[in-house]
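1. Here is my input, please return the structure:
(chains A and B)
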2 protein chains.
Amino acid sequence: MSASERTATNTLQVTTPTDREIRIERIFNAPRDRVWRAFTDPKLVAQWWGRGNKLVIERMEVERGGHWRFVEHAPDGVNGFEGRYREVTPPERLVQTFEWDGLPGYVAVDTATFEDLGDGRTKVVSTSLFHTTEERDGMLNSGMEAGLSQSYAALDRLLATLT
Amino acid sequence: MSASERTATNTLQVTTPTDREIRIERIFNAPRDRVWRAFTDPKLVAQWWGRGNKLVIERMEVERGGHWRFVEHAPDGVNGFEGRYREVTPPERLVQTFEWDGLPGYVAVDTATFEDLGDGRTKVVSTSLFHTTEERDGMLNSGMEAGLSQSYAALDRLLATLT
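-> Prediction:
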């Protein structure tokens, strides 16, 4: 498989396994350890999470009970996001809460698993659980899919530069 | 109704209206404005929330989006609790998230309503919504009911001193 064929397959797959969940699957052309680093090293996260926008990482304590808080400076405004780590199991599982300043107190639990595909690629499956179906649907209708596609495209570019 | 008769009726009523909720009803012998103050003024909260134990209020920003963090110093150990305010509507409705440091990333949403009973008493109904039934049951089995009874008894004593 050529590099261009691989890239072509790396699209976001968004499904709703239950009425309070969103499941997102994405393959990255990089080994699992490298993908894990890109998700857990603040210096690397700052380079892709904000979709190319400036991202200020105010707090990122990657351990059980640690907090995180990111502020994205987008052309259309400043948005804060925060949460807390529930489980950190390198390099395979990361569970954390997620909350956007625009809807404070609405908290999703994001469980990400990192699967080594054995051919130098890694599959990341991220499942978000919401308190209600309305909150889940609000997230689906927020432009999340487009935003995440941009973030993961930035992550693709970053991963290509890491060794 | 004498004061002692009134006090006798003020017991905690705990029910489970759905498989992810706990509903707690309690009547206080004080007007609604006073009960609201006792729930939202840090200097007052510090006197009852910790069940008589020392309570350090590290953060308590009572407004939409504000954070709170309390640390209780009990004889058997130190416990931190935190969350964020989703809705603050004086003197009738307070919605906030709740998380215990012992189970970081497990977040309940607590909705408290304050009802003026018209006879100088106030009914507080607090409903907690959990992400899963297991988390709800964990809370039910945590000694929550006994702890909350102690806190509310301390609150009864505090309310009797307020004017």
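2. how distant is stretch A:117-132 from the center of its chain?
-> From the chain centre to the centre of stretch A:117-132 is a distance of 9 Å (CA atoms, centre = their mean, to the nearest Å).
3. Check which residues of the longest helix seen in chain A are buried.
-> Secondary structure of chain A read by DSSP state H shows that its longest helix is helix A:144-161. Across helix A:144-161, burial judged by 16 or more other CB atoms under 10 Å in any protein chain shown covers A:144, A:148, A:151-156, A:158-159. From N, CA and C alone the C-beta is placed, and that goes for glycine too.
4. Burial check on residue A:29, number of neighbours?
-> 20 (other CB atoms under 10 Å in any protein chain shown).
5. in chain A, which spans are helices?
-> Using DSSP H, helices in chain A cover A:3-9, A:32-40, A:42-45, A:133-140, A:144-161.
6. Quick check: mean pLDDT of stretch A:47-59?
-> For stretch A:47-59, mean pLDDT rounds to 96.
7. outside of stretch A:152-160, which residues touch it?
-> Applying CB atoms under 8 Å, 6 or more residues apart in numbering or on different chains, the contact partners of stretch A:152-160 are A:7, A:10, A:12, A:26, A:28-30, A:34-35, A:38, A:44, A:47-48, A:50-52.
8. Check stretch A:57-64 too.
-> A:40, A:42, A:45-46, A:66-71, A:82, A:85-88, B:104.
9. Now with 6 Å, please.
-> Stretch A:57-64 has contacts (CB atoms under 6 Å, 6 or more residues apart in numbering or on different chains) with A:40, A:42, A:46, A:67-70, A:85, A:88.
10. Out of these, which comes closest to residue A:97?
-> Using CB to CB, residue A:85 is the member of these that sits closest to residue A:97, with 8.3 Å.
11. Just grab the bridge partners of the closest one for me.
-> Residue A:85 has these beta-bridge partners by DSSP bridges: residue A:96.
12. shouldn't it be in contact with residue A:68?
-> No - assessed by CB atoms under 6 Å, residue A:85 is found out of contact with residue A:68, at 7.0 Å.
13. okay, stretch A:27-36 in PDB with CA atoms only?
-> Extracted C-alpha coordinates of stretch A:27-36, given in PDB (Å, rounded to 0.1, in the frame of the first residue of the first chain):
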ATOM      1  CA  ILE A  27      -6.700   5.300  11.800                       C
ATOM      2  CA  PHE A  28      -3.300   7.000  11.900                       C
ATOM      3  CA  ASN A  29      -0.200   6.200   9.900                       C
ATOM      4  CA  ALA A  30       2.100   5.900  12.900                       C
ATOM      5  CA  PRO A  31       3.100   3.400  15.500                       C
ATOM      6  CA  ARG A  32       1.000   3.300  18.700                       C
ATOM      7  CA  ASP A  33       3.700   4.700  21.000                       C
ATOM      8  CA  ARG A  34       4.000   7.700  18.700                       C
ATOM      9  CA  VAL A  35       0.200   8.300  18.600                       C
ATOM     10  CA  TRP A  36       0.100   7.900  22.400                       C
END
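14. any idea how far residue A:91 is from residue A:123?
-> Remark: distance between residue A:91 and residue A:123 (CB to CB, to the nearest Å) = 13 Å.
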